[in-house]
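Peer 1: show me the folded form of this:
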Amino acid sequence: MNIPNREKDRTVRPPISVLIHLSALILFGLPTIAVLGQDKPTEVAQPQIQVQPQPATTTPTTATPAGANADDENYVSPLKTKGLTSEFNRAVLIDPEISKKFSTNKKGWLNDWIRVGAYVRPRYEDRENLGFDRANKGNVSRIMQTTQLFFILDPSPYFTMKVNIQDARVWGGETPASVGDVRANTFASTGNFVIPGQASINPAGATSIREAWFMIKKLPLDAKIQIGRQIPVYGDQRLIGGANWTINGLSFDGARIMFDRDSFNIHFFGYKLVSNASGPNNVLSASSPITYTDPTTGKTVTTTGNPDQYLAGTYNTVKAKDWFLVDLYSFGVLTHKTPISPAGTLTTPSAAGADLTPNAWNKQQNNLITSGFRISNRTVGNYQSATHWAGWDWTLEAAWQSGATGARVDNLVAGQDVTLPLTVNGVTYNGSVAGTKNQKYAGEFFVLQSGYTFFERLRLGIQYQYASGDHNRTDATNSTFQTIANPRFGIIPYFNNVAGLSENIGVKNLISKSVHMSYKSEQYGTFFVSYYSNDKAQVQDAWYAINGTANTGASTEANNGVTNSSGQTVYTLGKLGKNIYNEFDLAWNYVISEYTSVWLGAGFLTAGSAVKNQKNALYTYTVGNDGSVTLTPTAVLNHMTTPSVYGPAGAASQAKMFYVQFNALF
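Peer 2: Sure thing, here's the model as predicted:
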């Protein structure tokens, strides 16, 4: 079993301007650096537990035959002679045994420097009522498949390249049928076209490039530069990772520069997450401004698109011999501007980011800066040592967020929001008499995970995870911790970095306490058992889904009701609840052969007070502009007089999910 190395970089809360310039430097300046020849340090051995690929600390020394030049036809890639590093295994989540075999497999090499590979992963999922709703259960049953075909080229000690073609689809899906297609009757309900930026029926399958990068090595100071579409992986992947548990996973377009040594790693990176500009020859960005004809109304529609967005920063590691390592990082999700729609019109001062100027883009920028550290004893030396301490593993990580949300909020007068009518260009608004100010990010994150492995088979572990919430999301501080790239799952056996196999909750406004047990048998595979208790950090804040959006209406909240057509806010008349839900998970992983494995898993969820109080409430209330309060009966109360065809409304106490997955990697 193989525990890949971790890439680590470091900075502490750099100014936003520094991150912007760093991003520009990496994206546009570094490719011009000349290639110079310097020897690299020998790669550090990898631990024997984790599976999810982590960044390699160093590249193996070149196995060039005596008397042969680096560019000689007799050059033999060290990736062939010594095995692939974790850099080439980031697009898959696979068993440790198969990962080790994949890294050292010689059959995939076409010659001494070209390797081909393939990965096929079908997965069946059944998800039953994860919203805890008695009337609308929203059950999902589907089979999905991820397929990859990749090529690795390592022709020189100065240059390496990887291209990974990936297809992600739902079984039974097909591309749209066009006019005149003989399949038109079979696929009549499938959309015929897709317009970027417009909600439409998309094809069920998507084939794209998951990875396409090249690496220039042996640069001054023994640096390496990786440029192109890549999968950055850092730490336990709680903040930045490949999200390989999902059907399509994550990858980013950009570049990074790496200084890797035996005792430390320094990485700088810059990735472009969103582009507001399309390319020539009909190469489109889904976030660019477009003009199209709405097929339903026949009207011409123009969108402003989404602003450019970047992920830039640094992640560093210092290694205290074999005892422990310290990660230090700081990076920003930098959004160029916030769009105001429709273009050329004013928005109300209370709207997020309104600046009372008739332009298409807001002057305020949304820049989320996350800085923190991670300390862990999960090092190669500890796992390989003969002492009784070798069975104990622990990780402590903490992060803090700063920057501006892009919104402006009213200044308060004696704790009150005092407004007066304000007319701009003939339009009257209620403006704050004390002016406005930027809303700031102030999220916090903390996790402690530890366990002990007995007899190299049985591991007992615990985890405590805290992600701050916000007791008032309308004031000048946004205290809800913001997830970054949302990796969801990380490394085996610690692969569940969130709060349950169901993936039914995000790391925002969350206190998650859990216990874990795993047992690796000689003949029957590995068994996993986990229990999670998921509570709100702030009862006034929402329950957030795995994608980071608030489950408005699914949990009691004191300051975030639903806005009706009159611009008023509708609140639920119910007691605030703290416990969201609890989850009990069972899983089993079994290696069938050196290339294949099967995984089974099930999760059983029980709704808590935060969900039940909301869904079982009898009334909602609306506060009018004049301070009046209007009560409205909910579906729970209405069902008593007019029964619903879906059954009684209210909270369902139980939910569950099940999956079975096959993995094949060559």
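
Peer 1: so what does residue 216 have for phi and psi?
Peer 2: phi -100, psi 120 (degrees, to the nearest 10).

Peer 1: could you pull out the strands for the stretch 301-450 of the chain?
Peer 2: Under the criterion DSSP state E, counting those that start in this stretch, strands of the stretch 301-450 of the chain are mapped to 309-320, 324-335, 338-339, 361-362, 366-376, 392-402, 404-410, 419-424, 427-432, 436-441, 444-454.

Peer 1: can I get these in a markdown table including mean neighbour count, distance to residue 164 and mean pLDDT?
Peer 2: For glycine as for every other residue, the C-beta is placed from the backbone atoms N, C-alpha and C. Compiled in a markdown table, the strands of the stretch 301-450 of the chain are given as follows (neighbours: other Cβ atoms under 10 Å; distance: least, Cβ to Cβ, whole Å; pLDDT from 0 to 100):
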| stretch | mean neighbour count | distance to residue 164 | mean pLDDT |
| --- | --- | --- | --- |
| strand 309-320 | 23 | 20 | 93 |
| strand 324-335 | 23 | 24 | 93 |
| strand 338-339 | 18 | 33 | 56 |
| strand 361-362 | 20 | 36 | 54 |
| strand 366-376 | 21 | 28 | 94 |
| strand 392-402 | 19 | 29 | 94 |
| strand 404-410 | 22 | 34 | 77 |
| strand 419-424 | 12 | 52 | 70 |
| strand 427-432 | 16 | 52 | 66 |
| strand 436-441 | 18 | 34 | 82 |
| strand 444-454 | 17 | 30 | 93 |
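
Peer 1: in CSV, list these along with distance to residue 637.
Peer 2: Shown next, in CSV, are those (distance: least, Cβ to Cβ, whole Å):
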stretch, distance to residue 637
strand 309-320, 44
strand 324-335, 43
strand 338-339, 40
strand 361-362, 42
strand 366-376, 40
strand 392-402, 41
strand 404-410, 36
strand 419-424, 35
strand 427-432, 34
strand 436-441, 37
strand 444-454, 39
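
Peer 1: quick one: secondary structure of residue 79?
Peer 2: helix (DSSP: H, G, I helix; E, B strand; the rest coil).

Peer 1: residue 102 now?
Peer 2: helix.

Peer 1: closest to residue 636 out of the strands of the stretch 301-450 of the chain?
Peer 2: strand 404-410 (34.3 Å; Cβ to Cβ).

Peer 1: partner strands of the closest one and their direction?
Peer 2: strand 436-441 (antiparallel) (DSSP bridges).

Peer 1: what separation is there between residue 283 and residue 277?
Peer 2: Note on residue 283: its distance to residue 277, by Cβ to Cβ, to the nearest Å, is 10 Å.

Peer 1: which of those two has more neighbours?
Peer 2: Higher neighbour count among residue 283 and residue 277: residue 277, with 11 against 7, using other Cβ atoms under 10 Å.

Peer 1: count of residues packed around the closest residue to the more buried one other than its chain neighbours?
Peer 2: Of all residues not flanking residue 277 in the chain, residue 288 sits nearest, at 5.6 Å (Cβ to Cβ, 6 or more residues apart in numbering). Residue 288 is flanked by 18 other residues according to other Cβ under 10 Å.

Peer 1: oh, and call the first residue 720 from now on, that's how I've got it
Peer 2: All set: I'll call the first residue 720, so the last point we hit is now residue 1007.
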